[in-house]
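1. Sharing a model prediction with you, sequence too.
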Amino acid sequence: MDLSSLRNLVKRLDPRVVSVMKKTIERFDPRIIAAVEKRVTSIPFVKEKLEGEYNSMLADLENSIKPYRNEFEAFSCLPNAGRARNDIIEEMANLKSREESRWKDGFTSGAVYHGDDDHINFLNKVYAINSQSNPLHSDIWPSTTKYEAEVVSMTAAMLGGAEIAKNSDPENQICGVVSSGGTESILLAMKTYRDRARDLKGITKPEMIVPSTVHAAFDKASQYFNIKMIRVPVGPDFRADVAETKKAITKNTIVIVGSAPDFPHGIVDPVEELSELARGRGVAFHTDACLGGFILPFAKKLGYDVPPFDFQLPGVTSMSADTHKYGYAAKGTSVVLYRGLELRRYQYYTATDWPGGLYFSPTFAGSRSGALSAMCWAAMLSMGEKGYLEASEKILDTASAIKAAIRTTPELYILGDPLFCIAFTSDSLDIYKVMDVMTKRNWNLNGLLAPPAVHICVTLRHTQPGVVDKFVNDLKEAIEHVKRNPDEKGGLAPIYGLAATIPIKGVLSDVLVRYIDLLYKI
């Protein structure tokens, strides 16, 4: 039986049967399921059949992933003589011109959050000035440490740290570091809690409690640092279930997590209740505000209903907030914040017995680009509070227009009540096929699972005149196309469809692994 047949079989099953299948599988230890899957898929004839299916599914995607093969020379080894710099620049400018319109014209969900020419040119000048700086060598580039310290301080003040600074001793003020992005910020925080729990409580089998909608970076942290991840369900409003979280706490719990908002549905978890639960049990609490850290504070000032989520809540002990999203810095920076210096110190790495000398670093990287931190500092200063308020107002107004249009489309409905990251789905259509048609119309949207849905993360690029109207018109036409052509194949719909309907996910992981292989194929 091939994968498409398997999917069709599952689709024909009564939904209650599929639900029972999923619940039955979820009762087993994931390691046991993985071991069984591995054994089955290693049977020669099964392995051969699966490889054929993988190749078939990815063949349609290869041309879109590697569109330049027949037009530009590929280099599998160093050329005998170096290419002329002008030729290199010309080729890169050519590639840029082909790719720029999709994000610049507002066809992309997230990805580029500012994108204005003046802003980009300003940041490029900042990069050029600081292109050689490296914060590992703080004695050579003390300017970089100035930029990073001020980025952390400004971010902390914005997220509840200003009040704490007035009424707290220096040891307990909000502090943090600049990281390479949201994933590293999350990994650093989880590593910090693991090490702190081991040191102060003797916990050797640490557990983190997270909502099922939490970012995949927490699962990555679980795998990297051997922290057991306990997923708790979300309610009909897609917010974390506080009662289920309470039940999940054990003597090995080192941290509870909430999102502000979560990536899939753009919903802010009940951080106030969750963090108080954590505080009452002597457990740390992390707010993942990678997506909302630089827009929710301004949305609140603009009068939007934003539930408490930051350090104004006494139970919040750490936060992550991405400066390279709605902070409008270039890609490659984020901030992780902690309540107090003692906690942050568990994040650091030091080596005192290395023959190469004393070595230390605040984050995972050793050498890193100080220019990215300089760009972040420059972006925040150039925006100022007024700039962030104006940008947030434009984005939230645009998101409101998109939500209103979706709500008046009979075939669609919105999941939960998001502010600016809008997930929508359908009970009458294959939403992934709608996404595929939108892709053919140059839109780049995000496919979601559990439940199957699509989302658009609204940025400043979407606030340009005409973008909302085009999105709404294209979406309506995509719906009509899928109605007329329900059996049309191709695109990502088959892969997402499998992920949404087949309870066992090992095969899908294999597809993703091969997709990554394809990215590195010349």
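-> Received, thanks.
2. For stretch 169-179, buried residues please.
-> The neighbour-count check on stretch 169-179 (16 or more other C-beta atoms under 10 Å) flags 173-179 as buried. The C-beta positions use only the backbone N, C-alpha and C, and glycine is treated the same way.
3. mind putting these in a markdown table, pLDDT and distance to residue 354 included?
-> Putting those into a markdown table (pLDDT from 0 to 100; distance: C-beta to C-beta, whole Å) gives the following:
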| residue | pLDDT | distance to residue 354 |
| --- | --- | --- |
| 173 | 93 | 32 |
| 174 | 96 | 32 |
| 175 | 97 | 27 |
| 176 | 98 | 26 |
| 177 | 98 | 22 |
| 178 | 98 | 24 |
| 179 | 98 | 23 |
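4. quick check, nearest of those residues to residue 312?
-> Nearest to residue 312 among those: residue 174, at 10.6 Å, using C-beta to C-beta.
5. Mind pulling the model confidence for residue 17?
-> Residue 17 is assigned a predicted lDDT (pLDDT) of 43.
6. do residue 396 as well
-> pLDDT, residue 396: 98.
7. cool, residue 55 as well?
-> 78.
8. Please list all residues in contact with it.
-> For residue 55, the contact set (C-beta atoms under 8 Å, 6 or more residues apart in numbering) is empty.
9. Could you report the separation of it from residue 199?
-> 49 Å (C-beta to C-beta, to the nearest Å).
10. circling back to that earlier point, farthest-separated two in the buried residues of stretch 169-179?
-> So for the buried residues of stretch 169-179, where distance means C-beta to C-beta, the most widely separated pair is 173 and 179, at 19.4 Å.
11. Can you get me a residue count around residue 338?
-> Residue 338 sits with 26 neighbouring residues when counted by other C-beta atoms under 10 Å.
12. and what of residue 119?
-> If we define neighbours as other C-beta under 10 Å, then residue 119 has 17 of them.
13. Would you check that it makes contact with residue 328?
-> Yes: Residue 119 is within contact range of residue 328, at 6.8 Å (criterion: C-beta atoms under 8 Å).
14. three-state assignment of residue 424?
-> Assigned state for residue 424: strand (three-state reduction, DSSP: H, G, I helix; E, B strand; the rest coil).
15. typed the wrong thing, it's residue 307
-> Recorded secondary structure, residue 307: coil (three-state DSSP).
16. ok, now how distant is residue 248 from residue 193?
-> 16 Å.
17. on that earlier part again, between residue 119 and residue 328, which contacts overlap?
-> In contact with both residue 119 and residue 328: residue 379, using C-beta under 8 Å, 6+ apart.
18. neighbour count winner among residue 248 and residue 193?
-> residue 193 (29 against 16).
19. For the more buried one, which residues are in contact?
-> Residue 193 neighbours (C-beta under 8 Å, 6+ apart): 206, 208, 254-255, 284, 286, 318, 346.
20. And the pLDDT at residue 513?
-> pLDDT at residue 513 comes out at 87.
21. Number the residues from 28 up from this point.
-> Got it, the first residue is 28 from now on, which makes the last one we talked about residue 540.
22. quick one: whichever strand or helix holds it to chain centroid distance?
-> Here residue 540, judged by DSSP states H and E, is contained in helix 533-546. In terms of C-alpha atoms, centre = their mean, to the nearest Å, the centre of helix 533-546 is found 19 Å from the chain centre.
23. Over to stretch 358-376?
-> Distance, stretch centre to chain centre, for stretch 358-376: 19 Å (C-alpha atoms, centre = their mean).
24. Show me which positions of that stretch end up buried.
-> Result for stretch 358-376 [16+ other C-beta under 10 Å]: buried residues 359-367, 370-371, 373-374.
25. any idea how far residue 440 is from residue 473?
-> Taken as C-beta to C-beta, the span from residue 440 to residue 473 is 17 Å.
26. Mind checking which of these two has more residues around it?
-> Using other C-beta under 10 Å as the criterion, residue 440 and residue 473 rank with residue 473 on top: 18 against 13.
27. Next one: the more buried one, what pLDDT does it get?
-> 94.
28. Relative to residue 366, how far out is it?
-> For residue 473 relative to residue 366 (C-beta to C-beta), the value is 32 Å.
29. Can I get stretch 411-431 in CSV, CA atoms only?
-> Output of stretch 411-431 as CSV, limited to C-alpha atoms (Å, rounded to 0.1, in the frame of the first residue of the first chain):
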residue,chain,number,x,y,z
GLY,A,411,11.9,54.6,19.1
GLU,A,412,8.6,54.0,21.0
LYS,A,413,6.7,56.3,18.6
GLY,A,414,7.9,54.3,15.5
TYR,A,415,6.9,51.0,17.2
LEU,A,416,3.5,52.3,18.1
GLU,A,417,2.9,53.6,14.5
ALA,A,418,4.1,50.3,13.0
SER,A,419,2.0,48.2,15.4
GLU,A,420,-1.1,50.3,14.7
LYS,A,421,-0.8,49.7,10.9
ILE,A,422,-0.3,46.0,11.4
LEU,A,423,-3.2,45.6,13.7
ASP,A,424,-5.5,47.6,11.5
THR,A,425,-4.5,45.4,8.5
ALA,A,426,-5.0,42.2,10.5
SER,A,427,-8.5,43.4,11.5
ALA,A,428,-9.3,43.9,7.8
ILE,A,429,-8.1,40.4,6.9
LYS,A,430,-10.0,38.9,9.8
ALA,A,431,-13.2,40.7,8.8
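30. Contacts made by it with the rest, please.
-> 141, 321-322, 325-326, 328-329, 331, 353, 355, 410, 441, 445-447, 449, 483, 485-487, 489-490, 494-495, 498-499.
31. Repeat the analysis, applying 7 Å as the threshold.
-> Residues outside stretch 411-431 that contact it (C-beta atoms under 7 Å, 6 or more residues apart in numbering): 321-322, 325-326, 328-329, 331, 441, 446-447, 449, 483, 485-487, 489-490, 495, 498.
32. picking up where we left off before, which neighbouring elements make contact with the helix holding residue 540?
-> Counting contacts by 3 or more C-beta pairs under 7 Å, 6 or more residues apart in numbering; DSSP states H and E, helix 533-546 packs against helix 57-68, helix 71-92, helix 520-528.
33. Give me the mean pLDDT for the shortest one.
-> What it means is helix 520-528. The average pLDDT within helix 520-528 is 57.
34. same question, stretch 436-453
-> Averaging pLDDT residue by residue across stretch 436-453 gives 97.
35. go on, stretch 142-150?
-> 97.
36. Return it as CSV; C-alpha atoms alone will do.
-> What follows is stretch 142-150, C-alpha atoms only, in CSV (Å, rounded to 0.1, in the frame of the first residue of the first chain):
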residue,chain,number,x,y,z
GLY,A,142,11.4,45.6,4.4
ASP,A,143,11.2,49.4,3.6
ASP,A,144,14.2,50.4,1.4
ASP,A,145,15.3,53.3,3.6
HIS,A,146,15.3,51.0,6.7
ILE,A,147,17.2,48.3,4.8
ASN,A,148,19.8,50.7,3.5
PHE,A,149,20.3,52.2,6.9
LEU,A,150,20.9,48.8,8.5
